[in-house]
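Asks: What would the 3D arrangement of this be:
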Amino acid sequence: MTDTTDRIVLVTGGNRGIGRRVAEEFLRRGHRVAVTSRSGQGGPDGALTVRADVTDAASLDAAVGEVERELGDVGVLVANAGITRDRLVLRMTEDDFTAVVDTNLTGVFRTVKRVLKGQIRARWGRIILLSSVVGLYGSAGQVNYASAKAGLVGMARSLTREVGSRGITANVVAPGFIETDMTAELTDEQRARYLAAIPAGRFGSVEDVARVIAWLASDDAGYISGAVIPVDGGLGMGH
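Replies: Numbers count the residues shown, from 1 in each chain. As a prediction, this is how the structure comes out:
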């Protein structure tokens, strides 16, 4: 696989879980990597870790500005930061809904807008949005999360139409059940039920997701934009 090994990558929420493993994969491939975390700490060794809250435009602007001063303009954005507040819809408060949408959808908009000017100037960029199988498949108790994650598909496709002629791609990666802190909290009964629905017969690994994201950021994927790439072991079947 051909790749350019001197690009500047920003991973939001890169201090743990999928985001951290994504950052590590880009570092392994020789890229210069920055990650955001709310505390400004906890990123992988070799990455620049900056404090940012994607729900706060001023905080985000300061964080990206620090990345630009230290490393340069962001060529690859991996918008990974997100939260959950799961409840059945009749028990879900308006704050439960708006907090998740503000982080998982509006927060992505804020981040994309902040890095896009540099990508337009460079006439090259990769925007990779972390959605979920839930955004396409649906999930009881996750109306807020699924709505936000589904919205990322429309965002990526609209960005493709706006800036695709500038050498910028915008794609969505939709993981399924991945072995993280979330799946570690499942009961044995829940794990068995979810595994029965996954044709691959296993939960995914953070490496499964990180490698797909790194490929989307490479030169080999330069003619792919507006796509939704499932990393779910066949669970969603293209939904």
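Asks: Tell me which helix or strand in this structure has the weakest average pLDDT.
Replies: Least confident helix or strand of the chain, by mean pLDDT, DSSP states H and E, is helix 181-184 with a mean of 72.
Asks: In this protein, mark out all the helices, start to finish.
Replies: For the chain, applying DSSP state H gives helices covering 17-28, 57-70, 94-101, 107-122, 133-137, 143-163, 181-184, 188-196, 206-216.
Asks: And those, which one averages the lowest pLDDT?
Replies: Note on these: lowest mean pLDDT is at helix 181-184, with a mean of 72.
Asks: Check what contacts that helix and list those residues.
Replies: Among residues not part of helix 181-184, those counted as contacts by Cβ atoms under 8 Å, 6 or more residues apart in numbering are Arg16, Gly17, Phe177, Arg191, Phe203. Yep, even glycine has a C-beta here, placed from its N, CA and C like the rest.
Asks: Who wins on neighbours among the residues you listed?
Replies: Phe177 (22 neighbours; other Cβ atoms under 10 Å).
Asks: Go ahead and confirm that one touches Ile198.
Replies: Yes - contact criterion Cβ atoms under 8 Å: Phe177 and Ile198 qualify, at 6.7 Å.
Asks: so what sits against both of these two?
Replies: In contact with both Phe177 and Ile198: Asp232, Gly233, Leu235, using Cβ under 8 Å, 6+ apart.
Asks: okay, the contacts of helix 181-184 in CSV with distance to Ser39 next?
Replies: Below are these laid out as CSV (distance: Cβ to Cβ, whole Å):
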residue, distance to Ser39
Arg16, 11
Gly17, 15
Phe177, 27
Arg191, 31
Phe203, 28
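Asks: Now compare those residues and name the two farthest from each other.
Replies: Greatest spacing in the contacts of helix 181-184, by Cβ to Cβ: Arg16 and Arg191 (20.9 Å).
Asks: that older thread, with only the CA atoms kept, save the least confident helix or strand of the chain in CSV.
Replies: Only the C-alpha atoms of helix 181-184 are listed here, as CSV (Å, rounded to 0.1, in the frame of the first residue of the first chain):
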residue,chain,number,x,y,z
ASP,A,181,-14.7,-0.6,27.8
MET,A,182,-18.3,-0.6,26.6
THR,A,183,-18.5,-4.2,25.6
ALA,A,184,-16.5,-5.2,28.8
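Asks: so how far is that helix from its chain's centroid?
Replies: Relative to its parent chain, helix 181-184 has a centroid offset of 18 Å by Cα atoms, centre = their mean, to the nearest Å.
Asks: check contacts around Ala148.
Replies: Ala148 neighbours (Cβ under 8 Å, 6+ apart): Gly82, Val100, Val101, Thr103, Asn104, Leu105, Gly135.
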